[in-house]
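Undergrad: I need the structure of the sequence given here:
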Amino acid sequence: MKTTSTTFTSIPGTPKTLALGITAIVAALALSGCSALGIESKYDKRTSHDFTTGAEGKEKGTLPLWVPDEASDIKEMVRTTGNERILRLNYSGALPETCTKITVAGKPSVNELTAGLNHEEPRDAKGLAAVVQQQYQIPLLAADWWPTGQESRATHLCGKWWVSTVAQKVYAFAPEEKSIAEHVLTEQANIQRAEK
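TA: Residues are numbered from 1 along each chain as shown. The predicted structure is shown next:
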């Protein structure tokens, strides 16, 4: 397993103005490792993981249980100061039965999100509703292996994960909490202004 820790710090915009175009900029900035001004992010600390198989990643306690043991060439980016994660793996089989199909691709309903969360971490209806309400449903993480807007292609929920399959690649996104996302966006806007 290869693990690296990096801090990325530049995303322009606010929660209301994030769109696919900005996500592309985010990806470029994240890949460049831009903390050129020496400004350390408090809320946007990240680490990445590479695993040969799903079994290896689960054995290390890193990958979610729904990832098939036979999956290969697995890449994951994790925000260590929050909950957001993006994941890509090679797998040609069907998703596990614990993953449920959503009605509208990329737009799981509140009921679908609640059911997914309840399957992963059962709690009362009020607690589930609060978690769903606090999700920031646009990825702020970026990686060269994560296609821009991939979350909008999600066809299944595997617990909290929004999952899609393209050819023999499975992509998954676990949302960030709104409070953390707002801090990340504010920090990154401040850094963007400082760079000017």
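Undergrad: could you pull out the strands for the chain?
TA: Using DSSP state E, the strands found in the chain span residues 2-7, 45-53, 72-79, 85-90, 100-101, 135-136, 156-158, 161-166, 169-174, 176-177.
Undergrad: those strands: which one's closest to Lys196?
TA: strand 2-7 (20.2 Å; C-beta to C-beta). C-beta here means a position set from N, CA and C on the backbone, and glycine is covered the same way.
Undergrad: quick check: mean pLDDT across the longest helix seen in the chain?
TA: Using DSSP state H to assign secondary structure, the helix with the most residues in the chain is helix 178-195. In this model, helix 178-195 carries a mean pLDDT of 90.
Undergrad: and what of stretch 148-158?
TA: 95.
Undergrad: thought Pro68 was touching Pro96?
TA: Yes - counting by C-beta atoms under 8 Å, Pro96 is a contact partner of Pro68 at 6.9 Å.
Undergrad: neighbour-wise, which of these two wins?
TA: Pro68 (19 against 12; other C-beta atoms under 10 Å).
Undergrad: where does the protein have low pLDDT?
TA: Applying pLDDT under 70 to the chain flags residues 1-39.
Undergrad: how close does the nearest residue to Thr103 once chain neighbours are set aside get to Glu151?
TA: What sits nearest to Thr103 in space, not counting adjacent residues and going by C-beta to C-beta, 6 or more residues apart in numbering, is Ser109, at 6.5 Å. Ser109 sits at a distance of 15 Å from Glu151 (criterion: C-beta to C-beta, to the nearest Å).
Undergrad: ok, these two, which is more surrounded?
TA: Between Ser109 and Glu151, counted using other C-beta under 10 Å, Glu151 has the larger neighbour count: 22 against 12.
Undergrad: for Gly106, see how far away the more buried one is.
TA: For Glu151, the distance to Gly106 - C-beta to C-beta - is 6 Å.
Undergrad: shared neighbours of these two, anything?
TA: Trp162 (C-beta atoms under 8 Å, 6 or more residues apart in numbering).
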